[in-house]
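Asker: what follows is a protein structure lacking sequence information:
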């Protein structure tokens, strides 16, 4: 059974024309659904993070890395907190900008 917020994210995905079957599953919180939907809308490869073991904040860090052209394999691991992911992503971005 979906919550009201989950149903809203599914509706927003349908309106945006994305494949909601990727995230229209009760195992995802509405926040996770939102991040997956945003990635789909940006044309990103969401299969990397569309997993229930990632929190929505972790998903957000992965999206920012994907959008920035970073090697997210360095931090896209459920064992890293969103704060740790942010630190790694920031360092990768800094290295990229200094090249």
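Answerer: In hand now; what should we look at? What you see is a predicted model; the values in this text were computed from it and never measured.

Asker: tell me the buried residues in stretch 18-37?
Answerer: 18, 20, 22-25, 28-37 (16 or more other Cβ atoms under 10 Å). The C-beta positions use only the backbone N, C-alpha and C, and glycine is treated the same way.

Asker: with respect to residue 62, which of those residues is nearest?
Answerer: Closest approach between these and residue 62, by Cβ to Cβ: residue 35, at 8.4 Å.

Asker: show me what contacts the residue lying closest to residue 24 once chain neighbours are set aside?
Answerer: Among residues not flanking residue 24 along the chain, residue 10 sits closest, at 4.9 Å (Cβ to Cβ, 6 or more residues apart in numbering). Residues counted as contacts of residue 10 (Cβ atoms under 8 Å, 6 or more residues apart in numbering) are 2, 20, 23-24, 33.

Asker: could I get those residues as a markdown table with pLDDT, distance to residue 50 and secondary structure?
Answerer: Output for the contacts of residue 10, formatted as a markdown table (pLDDT from 0 to 100; distance: Cβ to Cβ, whole Å; DSSP: H, G, I helix; E, B strand; the rest coil):
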| residue | pLDDT | distance to residue 50 | secondary structure |
| --- | --- | --- | --- |
| 2 | 97 | 17 | coil |
| 20 | 98 | 12 | helix |
| 23 | 98 | 6 | coil |
| 24 | 98 | 11 | coil |
| 33 | 98 | 10 | helix |
